[in-house]
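Visitor: need a 3D model of the sequence below.
(2 chains)
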Amino acid sequence: GQQVMQIPQYQHVQEGEDFTTYCNSSTTLSNIQWYKQRPGGHPVFLIQLVKSGEVKKQKRLTFQFGEAKKNSSLHITATQTTDVGTYFCAVRNTGGFKTIFGAGTRLFVKA
Amino acid sequence: GAGVSQSPSNKVTEKGKDVELRCDPISGHTALYWYRQSLGQGLEFLIYFQGNSAPDKSGLPSDRFSAERTGGSVSTLTIQRTQQEDSAVYLCASSLLGGVGEPQHFGDGTRLSIL
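Guide: Alright, predicted model coming up:
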């Protein structure tokens, strides 16, 4: 079935450093979504990418969808303590309704 | 409130007991999802409801798990004869139509602990 690999599993950064998480699929994706889950909270939708090579920005967050639509990345510039949490990518199972979430990347930011 | 509501927020029960978890989606949302999240892990899809269509049950881990959605709104997830490995946070999400690109709105989850 559909699988999506997300790396790294976790990352510790000093406040002000950059952070990137990656999602990779063995199959071509129709789209990909990104969610953020704060510690003790629930996942919150951040963005969806649909087009090959698409790049979207939300303030310090930059989201990219690969040209082949098999990978995606989320980059945070100059991290802040408010960025702490787990970032998940999510894809829809081919031809179905099942949503597959990546394992998540947990971000720790040291002030 | 206007968000997805789940109850109870916490549930502690003994192994072998049955439990019922409730989800009240955002008003007007026709699609509803259940997920399971073990400590420090990702989200495991369990089941999907959309309108009056047959649900996608492909993620239910065993026949001890079942879910209903009555009247196209509230949903209950039932776990029979609970086992310790069922301990997890059970998250419910809803979306407007269940389309591929729609954002899912999550509730705060039910933290289930099996003793």
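Visitor: so what pLDDT did the residue in chain A sticking out farthest from the centre get?
Guide: Taking Cα atoms, centre = their mean, the residue of chain A most remote from its mean C-alpha position is A:Ala111, at 22.8 Å. Looking at A:Ala111, its pLDDT is 93.
Visitor: go on, A:Gly95?
Guide: 64.
Visitor: tell me which helix or strand of the chain sits lowest on mean pLDDT?
Guide: Here I'm looking at chain A. When the helices and strands of chain A are scored by mean pLDDT, DSSP states H and E, strand A:99-101 comes last with a mean of 90.
Visitor: not what I meant, chain B
Guide: Min over SSEs of chain B, mean pLDDT, DSSP H and E: strand B:43-50 (a mean of 93).
Visitor: for that one, what is the distance to the chain centroid?
Guide: On the basis of Cα atoms, centre = their mean, to the nearest Å, strand B:43-50 sits 7 Å off its chain's mean C-alpha point.
Visitor: got the CA positions of that strand in PDB?
Guide: Provided in PDB are the C-alpha atoms of strand B:43-50 (Å, rounded to 0.1, in the frame of the first residue of the first chain):
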ATOM      1  CA  LEU B  43      -1.200   8.900  13.000                       C
ATOM      2  CA  GLU B  44      -2.600   5.500  12.100                       C
ATOM      3  CA  PHE B  45      -5.700   5.700   9.900                       C
ATOM      4  CA  LEU B  46      -8.600   3.600  11.300                       C
ATOM      5  CA  ILE B  47     -11.900   4.500   9.400                       C
ATOM      6  CA  TYR B  48     -13.400   7.100   7.100                       C
ATOM      7  CA  PHE B  49     -17.100   8.100   6.700                       C
ATOM      8  CA  GLN B  50     -18.400  10.300   3.900                       C
END
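Visitor: hmm, back to that, thinking the residue farthest from the centre of chain A is in contact with A:Gly16, fair?
Guide: No - counting by Cβ atoms under 8 Å, A:Ala111 does not reach A:Gly16; the two are 9.6 Å apart. C-beta: built from backbone N, CA, C; applies to glycine.
Visitor: beta-bridge partners for whichever residue of chain A sits closest to chain B, please?
Guide: In chain A, the residue found nearest to chain B is A:Phe45; the distance is 3.6 Å by Cβ to the nearest Cβ. Beta bridges link A:Phe45 to A:Tyr35, judged by DSSP bridges.
Visitor: correct me if wrong: it contacts B:Pro103.
Guide: Yes - contact status for A:Phe45 versus B:Pro103: in contact at 3.6 Å, counting by Cβ under 8 Å.
Visitor: find residues that contact each of these two.
Guide: A:Gln33 (Cβ atoms under 8 Å, 6 or more residues apart in numbering or on different chains).
Visitor: pick out the residue nearest the middle of chain B.
Guide: Note: chain B centre (Cα atoms, centre = their mean) maps to B:Trp34, 3.2 Å.
Visitor: avg pLDDT for the helix or strand encompassing that one?
Guide: If you go by DSSP states H and E, B:Trp34 is part of strand B:31-37. For strand B:31-37, mean pLDDT rounds to 96.
Visitor: could you do stretch B:13-28 as well?
Guide: Average pLDDT, stretch B:13-28: 96.
Visitor: and for stretch A:29-37?
Guide: Here the average pLDDT along stretch A:29-37 is 94.
Visitor: rewinding a little: direction included, what does the least confident helix or strand of chain A pair against?
Guide: strand A:85-92 (antiparallel).
Visitor: assess the claim that A:Ala68 and A:Ser52 are in contact.
Guide: Yes - if you go by Cβ under 8 Å, A:Ala68 and A:Ser52 touch, sitting 7.3 Å apart.
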